[in-house]
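**Q** Model the structure of this input:
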Amino acid sequence: MRLRFRILVTAVLLVAAGCGTWLHVNWERLVRQWACYRVGSAETPEQVHADIAWFETGPDRDSRLRELVEKWGTGNQQFDLNLARYVDSPKSSEQLRKVFSRELAWRRELLPRWAHYWSWRAKLEPDEQIASIVGYLDDVASAKTPKPITWREVLDLQAVFQLTGAERLAPRLSPENWLSRYRRWQQIRPPKLPHVFRPKEPLAASGS
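**A** The predicted structure follows:
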């Protein structure tokens with residue numbers, strides 16, 4: 001009986017030690033996953049801003065941002081909407097926008113999803129919004145020394161490429177390579193850009 005008791009105690013201690021080691025190794029990831037859950041369950045803009053602001057701070061900021069963005073488009077509509085709104089808001093850092101933009105290259109199904117949201121949230125009618133962006137970038141591109149654009153403008157241009165049938169120019173677009181991509185788009189764009197409707201919903205259903 002005593003031998004069985006010792007074996008049982010030893011087994012419990014080994015399991016506890018194993019669980020403790022696993023928690024120690026995976027603790028940071030668990031914390032980030034919980035923070036992602038909070039973003040998806042947030043019900044007010046203020047709560048969303050506070051929850052996402054956590055990802056934008058700390059020495060492991062890059063890992064936090066990658067984990068946050070990797071959750072986009074994986075099935076939680078509220079999370080997707082909350083993150084898209086934040087990325088599109090003045091609260092977002094350029095680093096988050098960069099990570100978000102790069103994710104559109106790794107998972108190609110995300111680019112149409114972003115363009116759908118972009119069309120829904122456009123301040124002007126989508127056609128007018130595209131025309132405004134194109135007019136601005138035409139001026140920048142024609143300058144003697146064209147300037148880099150911001151990551152927010154990169155995301156705008158990625159949506160424009162997707163919505164005008166030039167989606168192959170959008171992946172890995174950046175403030176440094178935008179000009180060459182844009183000039184290629186100028187060469188292949190149709191004289192009259194396709195009409196873009198404003199969607200009724202901010203995001204298409206996952207998988208559609």
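**Q** How about residues contacting stretch 84-104?
**A** 45, 48-49, 52-53, 55-56, 61-62, 65-66, 68-70, 72, 83, 110-111, 114, 117, 121, 150-152, 154-155, 158, 170-174, 202-203 (CB atoms under 8 Å, 6 or more residues apart in numbering). Every C-beta, even on glycine, is put in place using the N, C-alpha and C of the backbone.
**Q** Read off the pLDDT value for the residue nearest to His195 when sequence neighbours are not counted.
**A** Distances taken as CB to CB, 6 or more residues apart in numbering put Asp127 closest to His195, at 6.1 Å, once the chain neighbours are dropped. Asp127 is assigned 96 on the pLDDT scale.
**Q** before we move on, could you check phi and psi at the residue most central in space within the chain?
**A** For the chain, the residue sitting closest to the mean C-alpha position, by CA atoms, centre = their mean, is Phe100 at 3.2 Å. Main-chain dihedrals, Phe100, degrees, to the nearest 10: phi -60, psi -50.
**Q** And it, how far from Thr145?
**A** 28 Å (CB to CB, to the nearest Å).
**Q** give me the number of residues near Val160?
**A** Using other CB atoms under 10 Å, Val160 has 26 neighbouring residues.
**Q** Surely it touches Ala131?
**A** No: judged on CB atoms under 8 Å, Val160 makes no contact with Ala131 at a distance of 10.0 Å.
**Q** tally of neighbours for Arg168?
**A** 10.
**Q** any idea which helix or strand comes after the helix or strand bottoming out on mean pLDDT in the chain?
**A** Lowest on mean pLDDT, DSSP states H and E among the helices and strands of the chain sits helix 2-41, with a mean of 60. Proceeding N to C from helix 2-41, the next assigned helix or strand is helix 45-55, under DSSP states H and E.
**Q** Go through that following helix and flag the buried ones.
**A** Residues of helix 45-55 classed as buried by neighbour count (16 or more other CB atoms under 10 Å): 48-49, 51-52, 54-55.
**Q** do stretch 134-148 as well
**A** Using 16+ other CB under 10 Å as the test for burial, stretch 134-148 gives 134, 137, 140.
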